[in-house]
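**Q** with the input below, show me the fold.
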Amino acid sequence: MERRWQLADAIAMEPIDIVRLEEAVVAFYRSNSQDQAITHEWLTEAEASPQAWQFSWQLMQLGKSQEVQFFGAITLHSKLMKHWNEVPPENREELKQKILETIVRFAGGPKIVLNRLCISLGAYIVHMLDEWPCAIEEVINTFQNQHIPNISPDVQLWIMLEVLQAIPEEAQIIHTSVKRVTLRTEIGKRVPIVLQTAEEYLKMKMNRQWDAETYSNMNRAVKCVGTWIKNIGYSIEGCVSITAVLLEVVHKCYWPCIRAGDGCMSADENELAESCLKTMVNIIIQPDCHNYPKTAFVLIKMFLDSLTDITKMEWKRDNDNEDIIVHIYMLFVSSVERHSSLLLSGITSNDPELSVLVHRIVQEILHCTDKPGIYPVEESCSTMALAFWYMLQDEVFAMPVEEQKLKCWEYIKPLYAHLTSILVRKSEQPDERSLDKWNSDDLECFRCYRQDISDTFMYCYDVLHDYILEILAAMLDEAIDDLQRHPTHWTKLEACIYSFQSVAEHFGGEESRQIPRLMRVLAEIPYEKLNVKLLGTALETVGSYCNWLMENPTYIPSAINLLVRGLNSSMSAQATLGLKELCRDCQMQMKPYAEPLLNACHASLNTGRMKNSDSVRLMFSIGKLMSLLPPEDIPRYLDIIVSPCFEELQAICQEETKTPSARIRTIFRLNMISTLFSSLNTDVDDDQTKEQPTVQPVLLVMQRTMPIFRRIAEMWVEEIDVLEAACSAMKHAIMNLRSSFQPMLQDLCLFIVASFQTRCCAPTLEISKTAIVMFYKDEGCKPLMQQLLREFIHHSFKLFENTPEQNFSNISDTMETFFCCLSQIVKKIPQTLEDKTLAYDRLVFYAQRGMTLPENGAIRNSILFLTHFVMQSRNHAHITEVVLATGEQTLYTAMMCVGYLTPRSQVDKFADILLALNKKYPAEMAVWMKTLMATPNFPTQLITDAEKARYTALIVKEKVNKRLLQQHLNEMAIKTRGLAEKFQ
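**A** Below is the predicted model of the structure:
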């Protein structure tokens, strides 16, 4: 056999020096990551070579270093997994014997080498199932009955279990000509004997003393069962017996240490119990197990009968055996989620046994949710139950029979009422005394957990409706009483307020009992005496109830007082968010309080204590409040609040200090102005008796400050984020004022053109597109917008022309933005295509170029532009001529990209342009396609002429179904890239 493989080696590549190979292996395992990368590439090539069949055995000779032996073993496994076709049929028996002999040789270790050899035997067995049908039985007989001399029974058992566990795993990944479904079916015939073997071994060990080796092999046997069930599957009717054994193992792992020991499971006991519980999860969640509701009932009852005593024992905070409880609850939750129909039938049926079972399992999950302690430091179970509560109410409300739905709804109402009170408690934050046990990861985990609880409150509302407010109000009263008795117990009150915040979106102004009570509580809390987190939650809650405040404006003054207090605290982020929501949703109701609130905002800005992001956000509220003032008062507030922004920008420009701090301050001030421009609009009053319309304040500001914007664009031309901030300010002004912006349009265009002449970049393209889309249809603005569009295209072309072919990826972000903007212009303003002076053929040329780039954005938007361009083309004769002249090249580029050039994940997107061409130019498309595909080796040599003809017919035929065309293109891409074997 080795002689034949040596012959193949000589043909395939230069002989590999075994000494050099060993040195490379040792260097790989003992060097740093940079050297490893170089060595890894060479070793990977060696591993894939036909010579590897020979040198893998040489590397595993006794006396070699452990690293070298391990590399030999993984090389053998890799060859068996990926290159089975290189093994001549007549040499396969010899290969088996050699693997078995090597396993015996390494029975004494090292274990990592032995493990890889066992996996290799597993891969060999999968390949040889037809020729060696009794392989699994022989492996079991050989090692279970200890037929190998000089190897201890425990090691023989270890080997057998490693081989058995490898078989289903290898069946999922080996390269084989046999279909996976066929392979899985064939291996599935051996599941009973594997389960029987594992069960007999576990039973045999049940009444004996367990040492470390026993724990290890029992764990391996349990994992073996789990692997076969997970990867191959087996009817749950045949799993009842093994489940009983697994539950018995869990008992023996847990109870002895509780009754006679220190109450804490050892690492070995924990690991074995967890493996048993994970295996039972694999059994109960199998894809077809819902077809066996009676057996599912039996299994779930077994789980409850056996495991609920453990959950009762461990229902406490900071318990030593948290890991096993997590896995028990995971088993309960998984069982119910997989068998939800059984759960619902237990509610609606008259079967008392089933009803009792449902009650028991739901109560266990309720206890899981209510686990004592704060997640994740004092307990780690409750989070896994939250998904169940979504599933339960969702399944109930999806029931098709109304009578059954109402019965289930009535059943779950008290559950969700109890759940609501549990969730309030579970959302309590850690207090100051316990925070020393928390690290940053714990705090972030708790933040996410609280958000999950907030979502679960929404599901509780779906079941309870307005009754949820009564539950929360009662708990709020309890928390207030507790705070009065214990002034440091703020966490309960904070959790209650957070709970109210979670359900805020469901309640409008008509609610008149509990929310007014909440608002009074929020106004009366002595925040200065309590933890500042309580103030933060209160501020967020005020913002959440803005819709309610809009219809109950008498509570707005107290809300404003609270928010102003927050502005001058460490919770300014929450205060500015709450104030933004209040000013946005209740703007007209804020009119009586606009001026004093503006003064308060100005005072908070002047303190200099706010973070930049909070100051920027506060400008939104300032803009909304300023819009409510009499026109004659607005300039005064612009002067005291906005002028400092422009004065600082002016000073930076005059000093020409391009330092990092100057850049940060420039962006900060521009963002403040941008936010103000997005919200300051005096056209907010519905009063129709207004006299002369007033000039918008934003226009006045822009007229005075446009020179500063131009100077900023010149000074910071190389800083894209500064340009983005400047363009964002003007874009917000346009979007906010719309037609009222027209007086500044000329100045805006001058700014854009001046910026283009300095640098063509994404922010300038975006602001150009915004102006064109907004004003092109206005006859008075059309000539100016036509000229702006020409400049938009002209300066982009200059950038493209000045970029070397090989460097287009360096400007892919600009190309992405250019074609994205152009797509929107063509789609929303198709009249732009009437301009015959534009170089449409060059637009198509650069879009074709964009399709060939590796960057996803450039590919996507180039295709998008061409698609819209083609779809509009038949409406304009000169555009039709361009498509006819460039269509074949567009199709050539698209098929080349599909064939090999574009990342395969992006192939789907080319369906759009092909559909557009086929819809608007079907005859030409058929000719172009046949011509292109007749080209030898196009798009690659890996696809046959017959396959090309087939895909040509399929693509040309498809004019409507995008999904089907995407499927054809993906299949073709797999063929042209030589990936057919991988995706069989």
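
**Q** contact partners for V139?
**A** V139 is in contact with 121, 125, 160, 163-164, counting by Cβ atoms under 8 Å, 6 or more residues apart in numbering. All C-beta spots, glycine's among them, are computed from the backbone N, C-alpha and C.

**Q** can you tell me the helix or strand for it?
**A** Taking DSSP states H and E as the definition, one finds V139 inside helix 135-144.

**Q** now, the contacts of V139 that are in helices?
**A** Mapping those onto helices (DSSP state H) picks out 121, 125, 160, 163-164.

**Q** can I get these in a markdown table with pLDDT?
**A** Below are the ones in helices among the contacts of V139 laid out as a markdown table (pLDDT from 0 to 100):
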| residue | pLDDT |
| --- | --- |
| L121 | 96 |
| I125 | 95 |
| M160 | 94 |
| V163 | 96 |
| L164 | 96 |
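
**Q** which of those has the largest number of neighbours?
**A** With neighbours defined as other Cβ atoms under 10 Å, the most crowded of the ones in helices among the contacts of V139 is L164; it has 27 neighbours.

**Q** ok, that one to T197 distance?
**A** Computed as Cβ to Cβ, to the nearest Å, the L164 to T197 distance reads 8 Å.

**Q** hey, what's in contact with both of those two?
**A** With Cβ under 8 Å, 6+ apart as the test, L164 and T197 both reach I140.

**Q** so where is the stretch 851-984 of the chain shaky, pLDDT-wise?
**A** 980-984 (pLDDT under 70).

**Q** hmm, I was thinking of the stretch 1-150 of the chain
**A** For the stretch 1-150 of the chain, applying pLDDT under 70 flags the ranges 1-14, 32-35, 146.

**Q** quick one: the helices in it?
**A** 2-12, 18-30, 33-48, 52-59, 66-82, 92-105, 111-127, 135-144 (DSSP state H, counting those that start in this stretch).

**Q** can the ones you listed go into JSON lines with extra columns for distance to T537?
**A** Shown next, in JSON lines, are the helices of the stretch 1-150 of the chain (distance: least, Cβ to Cβ, whole Å):
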{"stretch": "helix 2-12", "distance to T537": "69"}
{"stretch": "helix 18-30", "distance to T537": "53"}
{"stretch": "helix 33-48", "distance to T537": "46"}
{"stretch": "helix 52-59", "distance to T537": "63"}
{"stretch": "helix 66-82", "distance to T537": "55"}
{"stretch": "helix 92-105", "distance to T537": "63"}
{"stretch": "helix 111-127", "distance to T537": "52"}
{"stretch": "helix 135-144", "distance to T537": "60"}
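
**Q** tell me which of those lies nearest to T675.
**A** Of all those, the one in closest proximity to T675, counting by Cβ to Cβ, is helix 33-48 (45.3 Å).

**Q** and P487, helix, strand or coil?
**A** Three-state call for P487 (DSSP: H, G, I helix; E, B strand; the rest coil): coil.

**Q** ok, it - contacts?
**A** P487 neighbours (Cβ under 8 Å, 6+ apart): 529-530.

**Q** hmm, back to that, okay, the contacts of V139 in a markdown table with distance to M218 next?
**A** Listed next are those as a markdown table, based on distance: Cβ to Cβ, whole Å:
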| residue | distance to M218 |
| --- | --- |
| L121 | 22 |
| I125 | 23 |
| M160 | 13 |
| V163 | 17 |
| L164 | 14 |
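
**Q** work out for me the element the residue nearest the centre of the chain sits within.
**A** Centroid-nearest residue in the chain: C448, 14.3 Å away (criterion: Cα atoms, centre = their mean). Secondary structure assigned from DSSP H and E places C448 in helix 440-464.
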